[in-house]
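1. based on what follows, work out the 3D shape:
(one chain, ligands or ions: 1)
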Amino acid sequence: MPTERLDRRDPALRAFEARVLRHGRWGERPTLVLDASAFYPESGGQLGDRGRLGALEVVDTQIDDAGDVHHLVEGGPLPSPGARVEATLDDARRREHMALHTAQHVLSRALEEVAGATTVSARLGERAATIDTARTLSERQRREAEALAQEIADADRPVRALTPSPEELARLSLRRAPKVAPGTQVRLIEVEGFDRTPCGGTHVARTAQLGTIQITDLVGHKAGSRVTFVAGLRARRRLLHDAAALRALGGRFSCAPADVALAVDKLERQLADAREALGAARAGWAEAILAGVDPAEARWVQVLAGLDVDTVRQVATRWASEGAREAVLAAPTEGGLHVVAARGPESELDCGALVKALAKRLGGGGGGRPERAEGRLKAPADLDLAAALDGA
Ligand SMILES: [Zn+2]
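-> Residues are numbered from 1 along each chain as shown. Model prediction:
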């Protein structure tokens, strides 16, 4: 005799007493098999229940091919076969799964109605609940399906489990055909006046318990789409979390949550202005530095203390833009020097080879083309760059 499924009879049952039939194993982990259980074993995309069996913690529930429900337990010695145990389920987890599972039925039907998109598979994971559809959904269809599903939730329709006779079953229209062998008792879940489909999972009693149904992501998947959604407790948690994050952002910008986007726009404009001003300041700075160099000197070698790398690049490029001029300039950075070598069109200096030789001598790395090269040197800010070049 397989475990009697109390969860099928009463999805609201959260505490019961049962007898230990035997000790089992699930992979490497010890399990308890009872004569009856309200713990839902993982199947049909819904995760297994958690809770307590006496002093033991039930960390997962699974079902074997014979229909025995395995309670994966931790936290002490296992009670002997024949012993009676008091069982309680993790109510919040189960309610979350019931809401997600029922919302999946409602959304699957809504996606069919709105877009003719049948459900290929569904998964109610620890972190994400998803529906994969046979055809691709548009953003508009996503919004319409979400609105229809929410309308069904708000209408507080009854949700029932039906076990029809073969004759009754033949007369009923279903969203998808039963997967069980012909002649086996089929269990249907009906959302009154909206959806009827075979399912062995746990569901809420009325659609108002779904609260908010929200599609949080829509991406292409195989030939169709993958819809990620939240409902019930998970939807509320997510919305509260998002609202708190937005309020915190509003606090940092000293504005209302609804005005955060405007505040970010303003910040972006200020950043663009600041970048433009910085660019102009650097150009002016480069100009002033270049004015101080003797134009008769073809080769200019110097560590430019206090300059940033971008400005050093600008200065080197400007200097080496004509004739046989050459520039080997460096800016102090954290842990060393950033060196830039550049040559004019008439110079035959190999900048790449020069930077490589410098890096080899002082430590560091870098290289580039004969016309232009850069490197990072392990050298102090007061390095005599000309002497280092002579030795390289
Ligand atoms: Zn279901």
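2. any idea how far residue 262 is from the residue in the stretch 51-200 of the chain positioned nearest to the ion?
-> Residue of the stretch 51-200 of the chain nearest the ion, by Cβ to the ion: residue 199 (3.2 Å). All C-beta spots, glycine's among them, are computed from the backbone N, C-alpha and C. From residue 199 across to residue 262, the span is 46 Å (Cβ to Cβ, to the nearest Å).
3. next: residue 327.
-> Between residue 327 and residue 262 the distance is 46 Å, computed by Cβ to Cβ.
4. helices of the chain, start to end?
-> For the chain, the helices defined by DSSP state H occupy 6-9, 91-115, 139-154, 166-171, 232-253, 260-291, 309-319, 351-362, 385-391.
5. can you say which of these is nearest to residue 21?
-> Comparing these against residue 21 with Cβ to Cβ, the closest turns out to be helix 6-9 (14.4 Å).
6. that closest one - what's its average pLDDT?
-> Mean pLDDT, helix 6-9: 91.
7. what's it in contact with?
-> 13, 16, 36-40, 49, 161, 187, 200, 202 (Cβ atoms under 8 Å, 6 or more residues apart in numbering).
8. one more time with 7 Å
-> Residues outside helix 6-9 that contact it (Cβ atoms under 7 Å, 6 or more residues apart in numbering): 13, 16, 36-40, 202.
9. how about stretch 66-83?
-> For stretch 66-83, contacts defined as Cβ under 7 Å, 6+ apart pick out 2-3, 19-24, 26, 29-33, 37, 39, 41, 53-64, 85.
10. make it 8 Å
-> Defining contact as Cβ under 8 Å, 6+ apart, one finds that stretch 66-83 is touched by 2-3, 5, 19-24, 26, 29-34, 37, 39, 41, 53-64, 85.
11. ok now it, how far from the chain's centre?
-> How far stretch 66-83 lies from its chain's middle: 36 Å, per Cα atoms, centre = their mean, to the nearest Å.
12. pLDDT weak spots in the chain?
-> Residues of the chain meeting the criterion pLDDT under 70: 392.
13. counting residues per strand, which one in it is longest?
-> strand 15-26 (DSSP state E).
14. what strands line up against that one, and which way round?
-> Applying DSSP bridges, strand 15-26 is found paired with strand 29-34 (antiparallel), strand 84-89 (antiparallel).
15. thinking again about what came up before, neighbour-wise, which of residue 327 and residue 262 wins?
-> Between residue 327 and residue 262, counting by other Cβ atoms under 10 Å, residue 327 is the more crowded of the two (27 against 12).
16. circling back: would you turn the strands paired with strand 15-26 into CSV with distance to residue 227 and mean neighbour count?
-> CSV is the format used below for the strands paired with strand 15-26 (distance: least, Cβ to Cβ, whole Å; neighbours: other Cβ atoms under 10 Å):
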stretch, distance to residue 227, mean neighbour count
strand 29-34, 33, 20
strand 84-89, 29, 17
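17. minimum distance to residue 145: which of the ones you listed has it?
-> Smallest distance to residue 145 across the strands paired with strand 15-26 (Cβ to Cβ): 31.7 Å, for strand 84-89.
18. gap between that closest one and the chain center?
-> The chain centroid and the centroid of strand 84-89 are separated by 36 Å under Cα atoms, centre = their mean.
19. could I have it exported to PDB, CA atoms only?
-> Provided in PDB are the C-alpha atoms of strand 84-89 (Å, rounded to 0.1, in the frame of the first residue of the first chain):
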ATOM      1  CA  ARG A  84       3.300   7.200  16.000                       C
ATOM      2  CA  VAL A  85       4.600  10.700  15.200                       C
ATOM      3  CA  GLU A  86       3.100  14.200  15.300                       C
ATOM      4  CA  ALA A  87       3.600  16.100  12.100                       C
ATOM      5  CA  THR A  88       3.400  19.800  11.300                       C
ATOM      6  CA  LEU A  89       3.900  21.400   7.900                       C
END
